[in-house]
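K.L.:
I need the structure of the sequence given here:
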Amino acid sequence: MAINLQKGQRINLKKENGTDLTQACVGINWGAIEKKGLFGTKKEAVDLDGSCILYDSNKNVTEVIYFGNLKSKNGSVKHSGDDLTGDVDGDDGLDNEVITVDFSQLDANVEHVAMVLNSYKGQDFGTIPFASIRIYEGSPTNVREVFAKYDIANDASFKGHVAMVMGVFYKRNGEWKFNAIGDPTADRKLEQTIQTVQQNYL
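P.N.:
Down below sits the predicted model:
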């Protein structure tokens, strides 16, 4: 399972021993913007928001897990909480927000689990000094196997954007697979990104 996915790649969520991956995390790590002024540089807090949207087989939204709703009704998806600033003192190497999905506990009608990222204050991804996303097996405190990673601060395609679709887990014939999307979108708000996923990525 040691794969570092490129955008657009799809994989089966099978581990090397042949068993299915039952849990995955999406971790987002980012820094505050440095603004140079007359009296040196000052840090501008950056509020990025990772969200998870659950869709059924008809592409209808069943639940949205985000900073205002940190847990799905049955507890299968959990959000670590809203980080409003980013790393103000440089990259500490830790994720600022983590979303955990337990596939074995998802409601049976859920067929798509989409991971999206929005810049709450409309701060352009291209202005953030560092911002990376990793999708991995493990828990928020124990990263076992990273299978997709995006560097959105240093990828020119994200410049000028404030929203992106990180990837979509989807169920086929009872097995979960993952589509590493990594596309910036023209959306300004989460509500719009939910519709963009519905129309273009399921």
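
K.L.:
Give the buried residues for stretch 117-125.
P.N.:
For stretch 117-125, a neighbour-count test (16 or more other CB atoms under 10 Å) marks 117, 118, 119, 123, 125 as buried. For every residue, glycine as well, the C-beta is placed using N, CA and C.

K.L.:
Would you mind checking which of the residues you listed is nearest to residue 198?
P.N.:
Here the nearest of those to residue 198, counting by CB to CB, is residue 118; it sits at 15.5 Å.

K.L.:
what about that closest one, helix or strand, and which?
P.N.:
Element membership for residue 118, per DSSP states H and E: strand 110-119.

K.L.:
ok, now residue 197?
P.N.:
Element membership for residue 197, per DSSP H and E: helix 190-200.

K.L.:
For the chain, which segments count as strands?
P.N.:
10-12, 23-30, 33-37, 40-44, 48-56, 61-65, 77-79, 97-102, 110-119, 131-139, 142-151, 163-172, 175-185 (DSSP state E).

K.L.:
rank these by mean pLDDT and give me the bottom one.
P.N.:
Across the strands of the chain, strand 10-12 has the smallest mean pLDDT, namely a mean of 77.

K.L.:
partner strands of it, parallel or antiparallel?
P.N.:
strand 175-185 (antiparallel) (DSSP bridges).

K.L.:
Run the chain-centre distance for the partner strand.
P.N.:
Computed by CA atoms, centre = their mean, to the nearest Å, the chain-centroid distance of strand 175-185 equals 10 Å.

K.L.:
Can I get that strand in PDB, CA atoms only?
P.N.:
C-alpha atoms of strand 175-185 as PDB (Å, rounded to 0.1, in the frame of the first residue of the first chain):
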ATOM      1  CA  GLU A 175     -15.200  -2.400  -1.600                       C
ATOM      2  CA  TRP A 176     -13.900   1.100  -0.900                       C
ATOM      3  CA  LYS A 177     -11.500   2.700  -3.400                       C
ATOM      4  CA  PHE A 178      -9.900   6.200  -3.500                       C
ATOM      5  CA  ASN A 179      -9.700   8.800  -6.300                       C
ATOM      6  CA  ALA A 180      -6.900  11.300  -5.600                       C
ATOM      7  CA  ILE A 181      -8.400  14.400  -7.200                       C
ATOM      8  CA  GLY A 182      -6.400  17.400  -6.000                       C
ATOM      9  CA  ASP A 183      -8.300  19.900  -8.200                       C
ATOM     10  CA  PRO A 184      -8.700  23.600  -7.300                       C
ATOM     11  CA  THR A 185     -12.200  24.900  -7.900                       C
END
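
K.L.:
what angle sits between the helix holding residue 197 and strand 61-65?
P.N.:
Counting by axes from the mean of the first three to the mean of the last three CA atoms, to 10 degrees, helix 190-200 lies at 140 degrees to strand 61-65.

K.L.:
buried stuff in helix 190-200?
P.N.:
If you call a residue buried by 16+ other CB under 10 Å, then helix 190-200 has these buried ones: 190, 193, 194, 196, 197, 198.

K.L.:
what sits against the second one?
P.N.:
The neighbourhood of residue 193, defined by CB atoms under 8 Å, 6 or more residues apart in numbering, consists of 51, 116, 118, 163, 165, 185, 187.

K.L.:
and what of the first one?
P.N.:
Residues in contact with residue 190 (CB under 8 Å, 6+ apart) are 49, 51, 64, 66, 116, 118, 163.
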